[in-house]
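[1] How does the following fold in three dimensions:
(2 chains)
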There are 2 protein chains.
Amino acid sequence: MKPNFSLRLRVFNLNCWGIPYLSKHRADRVKRLGDFLNRESFDLALLEEVWSEQDFQYLRQKLLPTYPAAHYFRSGIIGSGLCVFSKHPIQEFTQHVFTLNGYPYMIHHGDWFCGKAVGLLVLRLGGLVLNAYVTHLHAEYNRQKDIYLAHRVAQAWELAQFIHHTSKKADVVLLCGDLNLHPKDLGCRLLKEWTGLQDAYLETRDFKGPEEGCTMVPQNCYVNRQELEQFPLGIRIDYVLYKAVSGLYISCKTLRTTTGHEPHSGSPLSDHEALMATLCVRHSPPQHNPSPTHGPAERSPLISVLREAWTELDQGMAQGRWWATIAGYVIGLGLLLLALLCALAARGEIMEVAVLLWTPSVGLVLAAGAFYLFHVQEAKGLCRARAELQHVLGRAREAQDLGPESQPAGLLGQQEGDRAEEQ
Amino acid sequence: MKPNFSLRLRVFNLNCWGIPYLSKHRADRVKRLGDFLNRESFDLALLEEVWSEQDFQYLRQKLLPTYPAAHYFRSGIIGSGLCVFSKHPIQEFTQHVFTLNGYPYMIHHGDWFCGKAVGLLVLRLGGLVLNAYVTHLHAEYNRQKDIYLAHRVAQAWELAQFIHHTSKKADVVLLCGDLNLHPKDLGCRLLKEWTGLQDAYLETRDFKGPEEGCTMVPQNCYVNRQELEQFPLGIRIDYVLYKAVSGLYISCKTLRTTTGHEPHSGSPLSDHEALMATLCVRHSPPQHNPSPTHGPAERSPLISVLREAWTELDQGMAQGRWWATIAGYVIGLGLLLLALLCALAARGEIMEVAVLLWTPSVGLVLAAGAFYLFHVQEAKGLCRARAELQHVLGRAREAQDLGPESQPAGLLGQQEGDRAEEQ
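    Numbers count the residues shown, from 1 in each chain, chains lettered A, B, ... in the order given. Sure thing, here's the model as predicted:
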């Protein structure tokens, strides 16, 4: 790699709102999205909510000349909805499905059936290894009383851990997607603090798009107005995040967002706005290292966000266990009722009532059994994330206590420093 | 790191057979295991089938002076059964739960309820980064007609991918566990070929234990004789696998296996045999690089095993889709029956029969619905693994076609070579 090396990367991200039979003008929007992507010829186009594999196959065919590489991330029952189109060959790909993703009995919300996940692509561009991640976290249906908060925090943690553990040898890390998190939400801060990813909207000096970088705006005719009731300007829940390892410097030259309509035809491509970022990777000057290592001054936000997330997961865990206990009692009562009905039927008393009640009782026991098992699993999943968080928190505190001179030996996130010191 | 650097690592692995209420003499065996581990003072003890968290907590307390670091990997409803005790501080840990893990309706086999997984520990030993993995794959209940074969192959692939993507910056990689795979089984070959891991039993010159390194032997009083009917010497399904990256050389100095009884008391610690390996890591001589890169000569086994796995996953996928279709028909029939019963009841005809048949019909539709959803998810999971495999296969073939001079630019598994060439 030459010292005056510089790499320009044009990235597109959109939550496509592609729910078969439910999303308005889906076929037309997918067609226009294909035309737009072909015209703009990005390096990478990362899409979410492409729920129909037919839509992906249609786009794949349409985009083949401009984006020869593509991948659709399959998971769950419906799918993850994630896919990617790349101008450059994809070296490797894999995915991680989030352990917790809502509740199967919340059928009207549907997230549980999707198998929400994070997809990873490894690309080689100009001699650099680029790890590109695309993701979509659990939706937020009620911000005031968010029953999915613990799940979304756990997903943000799993996402951060997946990126942390799979990107150790990458030169550049890119994460695009619909996080369903506002910029100051716990999950978003946790993700940024633990991975060191930077927010294109906050970093760029050249942004064009809706005020405050919103990606769901009231100007968009497809947007659910109720969701934006408390946010007259809109909300920012879709992100382009990035980082480069030490020795490289990454910056966002420009960030463009659609403003409720597609730039060419005027109609929106989705109920979300598309993000279009131009990133530039080059060698960092030796005296300046903007790569996000946690110095002594910056460690305390990590500790505080870890602590906050720990509390949230702990509460979620208690809640999960509480539901499991309630379900346990219901199972007990249901079994008692069944025994009683059997006894009544055996003695020939109120036979018809016994027969009629038998079925709902069996149903009750089975449903409560499934409910019990699900919440036991939920509590285990949250406990697992909490244990990982607690461990990182302990190590971050140790590193802080040891003082600045011991910082490089602190978190393994700073392996670079570790290795250099010990060799 | 000094040039004459050498690191000695003593590792213990055991499938503990710790099923509460079902496994014989569990409390006594766990106690004896604790005593044994304390006496032997290994660097790392990796355990499977510790299904009861109480057993883990008991061991944690007992082993605290010798193994100050420990972790229990929670997942699924019952748990992964995996845990680890370490003499050295654990820098980081995380886990990956396998997407496919048997069938929920095979309650008597129980694997689905466990949430089988792979656990990862990152340790720093003598300036080296050691990634230690512990895992337990789906059990094999009938070798002649193995309905879980596709799931186990998919698990082996996910395991290999998880190791591949998370160990790129590790100096030493260690995998211990009960793979439920014989050495020549497809999953075992796939794992070894894609990760480049070496088998301690095959590599060591100093092995002491049952013939052919078996880890389930008929001498063990707890072993299920039926499982070994076709294998009079026993079977080898527990492994210590390892690799070091280029520049380092790892070898297995000694490998010891219990022989149906614990060395001190004479009673077995489990129905499996324990593996005890002494590994040695040192700088490799410059002219010799035994790290398992796939040279031109070695690439063809990778291609052939990938092809074989592709076929197996493809068959599993077809099977999954077939079951989903059958379930679809049953749902249709059930709904027809329900409509008929409603019509009969509405007309007042054979009222009692209609009421009696209503419940089993609803049950049938619900059960078939759940069965349908499960097999749709299964087919998606297998399709995902097949797509990843197919991509790697395509790239391996490309690299082979390009010939030896283009080899280093081939698979990204050889990033080392790539980077050196391009910089």
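[2] biggest strand in chain A by residues?
    Across chain A, the strand with the greatest residue count (assigned by DSSP state E) is strand A:6-18.
[3] quick check, distance from that one to the centre of its chain.
    16 Å (C-alpha atoms, centre = their mean, to the nearest Å).
[4] Report the strands that pair with it, each with its relative direction.
    Under the criterion DSSP bridges, strand A:6-18 sits next to strand A:44-50 (parallel), strand A:275-283 (antiparallel) in its sheet.
[5] Mind listing what's buried along that strand?
    Neighbour counts over strand A:6-18 (16 or more other C-beta atoms under 10 Å in any protein chain shown) mark A:7, A:9-18 as buried. From N, CA and C alone the C-beta is placed, and that goes for glycine too.
[6] Go through the strands paired with strand A:6-18 and pick out the most buried.
    The highest average neighbour count among these, using mean count of other C-beta atoms under 10 Å in any protein chain shown, belongs to strand A:44-50 at a mean of 27.
[7] Run through who's touching that strand.
    In this structure, residues lying in contact with strand A:44-50 by C-beta atoms under 8 Å, 6 or more residues apart in numbering or on different chains are A:9-19, A:37, A:56, A:59, A:63, A:67, A:72, A:81-88, A:121, A:123, A:132, A:134-136, A:174, A:176-178, A:270.
[8] Is there proximity between the helix or strand just after that strand and chain B?
    Following strand A:44-50 in sequence order, the next helix or strand is helix A:53-63 (DSSP states H and E). No: applying C-beta under 8 Å from any C-beta of the partner chain, one finds helix A:53-63 out of contact with chain B, separated by at least 9.8 Å.
[9] Show me which residues of the stretch 101-250 of chain A are close to chain B?
    Within the stretch 101-250 of chain A, the positions near chain B by C-beta under 8 Å from any C-beta are A:113, A:115, A:120, A:122, A:124, A:127, A:129, A:161, A:165-166, A:168-169.
[10] Among those, name the buried ones.
    Members of these classed as buried by 16+ other C-beta under 10 Å are A:113, A:115, A:120, A:122, A:124, A:129, A:161, A:165-166, A:168-169.
[11] Please dump the residues you listed into CSV; it should also carry secondary structure and distance to B:Phe42 for every row.
    Putting these into CSV (DSSP: H, G, I helix; E, B strand; the rest coil; distance: C-beta to C-beta, whole Å) gives the following:
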residue, secondary structure, distance to B:Phe42
A:Phe113, helix, 45
A:Gly115, coil, 39
A:Leu120, strand, 34
A:Val122, strand, 35
A:Arg124, strand, 40
A:Val129, strand, 36
A:Gln161, helix, 27
A:His165, helix, 25
A:Thr166, helix, 29
A:Lys168, coil, 27
A:Lys169, coil, 29
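[12] Going by residue numbers, what spans are strands in chain A?
    With DSSP E as the criterion, chain A has strands at A:6-18, A:44-50, A:69-72, A:83-86, A:90-97, A:117-125, A:128-136, A:172-178, A:198-199, A:207-208, A:238-244, A:248-257, A:275-283.
[13] and the residues of the stretch 101-250 of chain A next to chain B, which two are the farthest apart?
    By the measure C-beta to C-beta, these have their two most distant members at A:Phe113 and A:Gly127, which lie 42.0 Å apart.
[14] What pLDDT is listed against A:Glu203?
    A:Glu203 is assigned a predicted lDDT (pLDDT) of 96.
[15] Grab the nearest non-local neighbour of it.
    Counting by C-beta to C-beta, 6 or more residues apart in numbering or on different chains, A:Glu203 lies nearest to A:Cys252, which is 5.1 Å off, once chain neighbours are set aside.
[16] now that neighbour: how far from chain B?
    Computed as C-beta to the nearest C-beta, to the nearest Å, the A:Cys252 to chain B distance reads 25 Å.
[17] got the contact list for that residue?
    Here A:Cys252 is in contact with A:200, A:203-204, A:240, A:242, A:277-280 (C-beta under 8 Å, 6+ apart).
[18] rerun at 7 Å
    Taking C-beta atoms under 7 Å, 6 or more residues apart in numbering or on different chains as the contact definition, A:Cys252 lies against A:200, A:203-204, A:277, A:279.
[19] bridging residues for it?
    Assessed by DSSP bridges, A:Cys252 has beta-bridge partners A:Leu279.
[20] what's the answer for A:Gly119, then?
    On DSSP bridges, the residues paired with A:Gly119 through beta bridges are A:Gln95, A:Val134.
[21] Surely it touches A:Val134?
    Yes: taking C-beta atoms under 7 Å as the definition, A:Gly119 is a contact partner of A:Val134 at 4.9 Å.
[22] Low-confidence regions, the stretch 201-350 of chain A specifically.
    A:262-265, A:285-299, A:349 (pLDDT under 70).
[23] Could you dump the buried ones among the residues of the stretch 101-250 of chain A next to chain B into TSV with pLDDT and distance to B:Ala154 added?
    Below are these laid out as TSV (pLDDT from 0 to 100; distance: C-beta to C-beta, whole Å):
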residue	pLDDT	distance to B:Ala154
A:Phe113	93	21
A:Gly115	91	15
A:Leu120	98	18
A:Val122	97	21
A:Arg124	95	27
A:Val129	95	27
A:Gln161	98	22
A:His165	97	21
A:Thr166	97	19
A:Lys168	94	25
A:Lys169	93	26
